[in-house]
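Chemist: Turn this into a model:
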Amino acid sequence: MTKSKFFRKTFPLLLVAVMILVAGVVSAAPPQKPKPPKTTRLYIFDCGLIPAIDVGLFNFKKEDLAETRMVVPCFLVVHPKGTLMWDVGAIPDSAFTADGAPVSKDIFYATKTLASQMAAIGYAPSDITFMALSHYHRDHIANANLFAGSTWLVSKVEHDAMFADKPPERVDPKAYTDLKNSKTVILTKDEYDVFGDGRATLPVIKC
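Modeler: Just a heads-up that it's a prediction; the model follows:
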């Protein structure tokens, strides 16, 4: 076989091999971290819905309200000095199937995962500096374990209640078990300046 014939036969195979190698290197490269913004940003995510709830729990009558469904938002504060996730949803991302169909669980309903909404703006749970929960009820804690690598900001009374031998009502301890080993800041005052500049002050809520 002449050199030209050998080259013509082997070149396509070599080209495919190089393309596969390059693709492997690109896919193995770690994702780039989001760049800090110049000014503070606030993102609001759709973290579920409570379609039917007893409004009497809030001292209302059903006929008093035009809308009785309750939305469950999650908030991401993106600051030049870091990020803060405030509340993490009513249904865990792990409850969603590969087809992305809406999920109903207990009294909650959700149409999209928290992680997918974060990814749409360039963030992953691993990018979050701080995580805080408004309080420990089930409609606020579903994806807490996703943020176990963040610094958890929590009041002492909330922390102690969540990890008590007998957890309080309306709590799912499985949703936050990993937080036990998270870096934790126990908040002792009524407010906490998350980034040290007065622009993202966290209210300390005590249940």
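Chemist: all contacts plus neighbour counts: C-alpha atoms, from now on.
Modeler: Fine.
Chemist: what's the span of stretch 173-191 from first residue to last?
Modeler: Stretch 173-191 has an end-to-end distance of 26 Å (criterion: C-alpha to C-alpha, to the nearest Å).
Chemist: Kindly report the same for stretch 188-195.
Modeler: 17 Å.
Chemist: Pro102: what's it in contact with?
Modeler: Taking C-alpha atoms under 8 Å, 6 or more residues apart in numbering, we find Pro102 in contact with Phe96, Tyr109, Ala110, Thr111, Lys112.
Chemist: Flag the least confident of those.
Modeler: Note: of those, the lowest pLDDT belongs to Tyr109, at 90.
Chemist: Packing partners of the helix or strand hosting Ile186?
Modeler: Secondary structure assigned from DSSP states H and E places Ile186 in strand 184-187. Helices and strands touching strand 184-187, by 3 or more C-alpha pairs under 8 Å, 6 or more residues apart in numbering; DSSP states H and E, are strand 151-155.
Chemist: list the helices and strands the strand it packs on packs on?
Modeler: For strand 151-155, the packing partners by 3+ C-alpha pairs under 8 Å, 6+ apart are strand 130-132, strand 184-187.
Chemist: Could you export the last one as CSV, keeping only the C-alpha atoms?
Modeler: Only the C-alpha atoms of strand 184-187 are listed here, as CSV (Å, rounded to 0.1, in the frame of the first residue of the first chain):
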residue,chain,number,x,y,z
THR,A,184,-22.8,27.1,60.6
VAL,A,185,-23.1,30.6,62.0
ILE,A,186,-25.5,30.7,65.0
LEU,A,187,-27.3,34.0,64.9
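Chemist: Tell me the strands beside that strand, with direction?
Modeler: Strand 184-187 sits in its sheet next to strand 151-155 (parallel), going by DSSP bridges.
Chemist: In the helix or strand that the partner strand is followed by, which residues are buried?
Modeler: Reading on from strand 151-155 to the C-terminus, the next helix or strand found by DSSP H and E is helix 156-162. Within helix 156-162, the residues that count as buried by 16 or more other C-alpha atoms under 10 Å are Glu158, His159, Met162.
Chemist: Find the residue closest to Arg170 in space, skipping its chain neighbours.
Modeler: His137 (5.3 Å; C-alpha to C-alpha, 6 or more residues apart in numbering).
Chemist: Tell me how many other residues surround the one you found.
Modeler: Using other C-alpha atoms under 10 Å as the criterion, His137 is surrounded by 17 other residues.
Chemist: Equivalent analysis for the one 5 residues further on, please.
Modeler: In terms of burial, Ala142 registers 26 neighbours under the definition other C-alpha under 10 Å.
Chemist: ok, now Gly198?
Modeler: 10.
Chemist: Can you give me the distance of it to Asp127?
Modeler: According to C-alpha to C-alpha, Gly198 and Asp127 sit 22 Å apart.
Chemist: Point me to the helix or strand that includes Met118.
Modeler: Counting by DSSP H and E, the element that carries Met118 is helix 114-120.
Chemist: starting at the chain centroid, how far to that helix?
Modeler: Centre-to-centre, helix 114-120 and its host chain are 8 Å apart (C-alpha atoms, centre = their mean, to the nearest Å).
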